[in-house]
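Enquirer: Take this sequence and fold it.
(2 chains)
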Amino acid sequence: MQGKHLQGYAFLSPFLVLISIFYIAPAILTIVMSFSNLDGSFLWEFVGFENYGKIFKDPNTLLILRNTILYIFISMFIIVVLDLFIATLTTYFIKSDGWASFFKSIIMIPMITPSVVYSVLWIWYLDASDAGFINSVLRFFNKDFSSINWIAQYPFQVIILAQVVVSLAYGAIIFSSAIRSIPENQFKAAHVDGASEWEIVKTIIIPNIRPHIKFIIMWETLGLMTNYLNILLITNGGPLNRTEVWALSAYHKAFIDQQYGYGAAISVLLILVVFMIMLLWLFASRTRKESEE
Amino acid sequence: MKKTLVLLALSLLLLCSVYGAGAQETNQKGAEKQVVTLRISHNMDFTTIPEAVVDAAARVNARYEQEGKPITIAFEKDYQTIDWTEYQNNIVFAHKINDAPDIFAMSDPAGLIKAGLLLDLTDMVKANSSKFVENVFAAATENGRVYAFPPDLPVRVIYYNRNVLKTIGWSDAEIKALPKRIQSGEFSFEDFLSLCKEVVDKGGAKYGLTHRPGAGSDFLDILNVLGGQYYDEKGSLVFDQQGLTRFFKMTYDNANVTKITPPNLNQMGWTTINTMVGTGESFAYYGPIYSCSYVASAAKLTNEQFAAQEEFVLFPASKYSSKPFVVAAPQYIGISAKTKYPEICLDLFTELANGSSDLLARHAAKINSLSSVIAANSDPQMAANPIIKDVAYLADYAITVPSIYGISTYRSELFKQIVALELGQTTPEKAVADMKVQIQLNVKDVVFK
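Expert: Coordinates of the predicted model:
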């Protein structure tokens, strides 16, 4: 048995080495960098906790933190609910595999579209001018309609919508597979007992796929925390800082203002939060396993 | 096995001899010539800059031949079109691994000077000082030493559509006289803003005044017009509260009160704005003259057609500034401090400032810019350019800006507030206060005024 374990570790070791080189070492370097005032000339000069002090002194920090929390929770909630809805619809209600696959393929399009193309489409849809797609459509129905500057007036709603659309496919497919693995006799028994469809969803589908829901919640939380590409390309964090989120703020400080040390300090705090969430997840999984045993 | 090894050794020997022949040529007199391969790197569209260096090398080669110098200069070219910050970072990293190009373009000389990556050009510049337009080295000078070479002298100006003035009833004589009135100080910036309003009110153009849709130095020129200071004589960043308040108030009013600027301008792309300017939908625009080739192209006009409709003028004086001006903002190229051939690289720059100034004229004419070398400005290629042939006088009003520590943060914070002001989402006073906090936090050694 021990030999089997050793073999397992031996197979894992190349990946551990790669992870150490490409993830752990850069993370350590980022931590070191966060104590320097490294700028465009790339000269290391250590400044202690100055960058961390700056984060707490910056009046925008609270706003960025609020944006990040709202962005994560609202997006995640909508994504998980819609994922469940789509998965249930395409796996439980639509019995035809062909139609279900067709529908799932459609929702995968935003996910497989390169972010730049996807963001340009959003910008074109929501263009503030009369030539903007949505403005044109609305004017077609109402000649007196005056164009709306969608991105500037509703920036937060726009980035959430864009993120939700792009994130739908992954969770929907995971939930779909999970629903498919529920033994058919559970549904049959429920039907025999006269359960309504809503009761079946509530008492059979959701309890059976609970671990998958937890996984998607964690997956989306981590993704939303660190992924800022669509926000960068659609609103660039603006107007002012209305859509600036934590990870994007690290990018702006490091790569636009060329304050690499400051950007690194912002990233380190993000790494810490991500690390804590992963620990909590591990702890919760272990507790669940113990209680099941 | 032995045979294979011998064959392999012979092949290697042959390969080495072929390579050696490539690196060394034999001239007619029989002396061995060393081929010096310089690596030249450039970023973005204006490849006429590195091509001027490459073509100057051909002339230097001919001179070396005459002088009996056994050297031939060759080039390895690396032209890119990536973000400037990324490009400049790559230059820094290339230096760190001793793989830097010998000659390269740059966006921010200050950062490279601070990192000690640029060869000191002071002696070459001093020896040729009479050849250059005054002050063209300002942004590349640190503690009196010069570190980069300006291949051109683009100026940032205001440009407006003459046809629009005709549409609102101006006579030909009035239209022709306007640049002179600005030059003399009789027609102020306040008058210009009123003219933009008049144009919109009378239906001459949809918008009166537009600008770039991203952070940049163009806004600093208007701040300057309104008496706002952003650097001092030592090159330190200055936060001028009163000047900024005036600038922000003007920005807010243009978009929300007089409505001469579209409030959603910053959500539009470059092409939309260029088309607006080129077609006369926007009466006036401020920015570098070389942008006009993009404007003309967006409006599907030739340079000649665009020159026929457009006037390029000085930034007028305002009640807060003493005289009209333009801002000269040369691009820069530099020599790596780690190059193995500093003398040869310096020879190339010297050649450009002297006998090969026509190559710089070729570049300047191509991008619709003035040249940093005096002789190039009187070159026939410049006189043939429809855009710049009539604007040489602007050089007399050119001011240059030194290298300022923290200016990129200042520009980016300024633009953030401009976007919000034009959208009506903040007030001038709040914009100043918010920007002050960010500048205090992010830039060291700022002079608050």
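Enquirer: hang on, residue A:132 packs against residue A:125?
Expert: Yes. Counting by Cβ atoms under 8 Å, residue A:132 sits close enough to residue A:125 to count as a contact (7.0 Å). The C-beta positions use only the backbone N, C-alpha and C, and glycine is treated the same way.
Enquirer: which of these two has more neighbours?
Expert: Neighbours per residue, other Cβ atoms under 10 Å in any protein chain shown: of residue A:132 and residue A:125, the larger number sits with residue A:132, 23 against 17.
Enquirer: Residue B:324 contacts residue B:317, correct?
Expert: Yes. With contact defined as Cβ under 8 Å, residue B:324 and residue B:317 form a contacting pair (5.1 Å).
Enquirer: Determine the residues that are contacts of both of those two.
Expert: Counting by Cβ atoms under 8 Å, 6 or more residues apart in numbering or on different chains, the shared contacts of residue B:324 and residue B:317 are residue B:185.
Enquirer: Go through stretch A:87-99 and flag the buried ones.
Expert: Neighbour-count burial for stretch A:87-99 flags A:87-88, A:90-92 (criterion: 16 or more other Cβ atoms under 10 Å in any protein chain shown).
Enquirer: is it possible to export the residues you listed to CSV including pLDDT, distance to chain B and secondary structure?
Expert: Formatted as CSV, the buried residues of stretch A:87-99 follow (pLDDT from 0 to 100; distance: Cβ to the nearest Cβ, whole Å; DSSP: H, G, I helix; E, B strand; the rest coil):
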residue, pLDDT, distance to chain B, secondary structure
A:87, 94, 36, helix
A:88, 94, 39, helix
A:90, 91, 37, helix
A:91, 91, 41, helix
A:92, 90, 43, helix
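Enquirer: could I get those as a markdown table with distance to residue A:150?
Expert: As requested, the buried residues of stretch A:87-99 are exported to a markdown table (distance: Cβ to Cβ, whole Å):
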| residue | distance to residue A:150 |
| --- | --- |
| A:87 | 30 |
| A:88 | 31 |
| A:90 | 30 |
| A:91 | 34 |
| A:92 | 36 |
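Enquirer: okay, now residue 67: neighbour count?
Expert: If you meant another chain, say so; for now it's chain A. If you count neighbours by other Cβ under 10 Å, residue A:67 ends up with 23.
Enquirer: I was after chain B.
Expert: 8.
Enquirer: Show the pLDDT at the residue nearest to residue B:137 when sequence neighbours are not counted.
Expert: Nearest non-adjacent residue to residue B:137, counting by Cβ to Cβ, 6 or more residues apart in numbering or on different chains: residue B:146, 4.8 Å away. With respect to pLDDT, residue B:146 has a value of 97.
Enquirer: tell me the contacts of residue B:146?
Expert: Neighbour list for residue B:146: B:120-122, B:125, B:137, B:140 [criterion: Cβ under 8 Å, 6+ apart].
Enquirer: lowest confidence element among the helices and strands of chain A?
Expert: helix A:2-19 (a mean of 83; mean pLDDT, DSSP states H and E).
Enquirer: for it, packing partners?
Expert: Using 3 or more Cβ pairs under 8 Å, 6 or more residues apart in numbering or on different chains; DSSP states H and E as the contact test, no helix or strand touches helix A:2-19.
Enquirer: Next secondary structure element downstream of that helix?
Expert: helix A:25-33 (DSSP states H and E).
Enquirer: Please see if that following helix touches chain B.
Expert: No. Against chain B, helix A:25-33 shows no contacts by Cβ under 8 Å from any Cβ of the partner chain, the least distance being 14.1 Å.
Enquirer: mean confidence score for that helix?
Expert: The average pLDDT within helix A:25-33 is 93.
Enquirer: Of all the residues in it, which ones are buried?
Expert: Neighbour counts over helix A:25-33 (16+ other Cβ under 10 Å) mark A:30, A:33 as buried.
Enquirer: Which positions within the top helix by length along chain A qualify as buried?
Expert: The longest helix of chain A (DSSP state H) is helix A:260-292. Residues of helix A:260-292 classed as buried: A:260-270, A:273, A:281 (neighbour count, 16+ other Cβ under 10 Å).
Enquirer: Stretch A:177-190 too?
Expert: For stretch A:177-190, by 16+ other Cβ under 10 Å, it's A:178-179, A:182, A:187, A:190.
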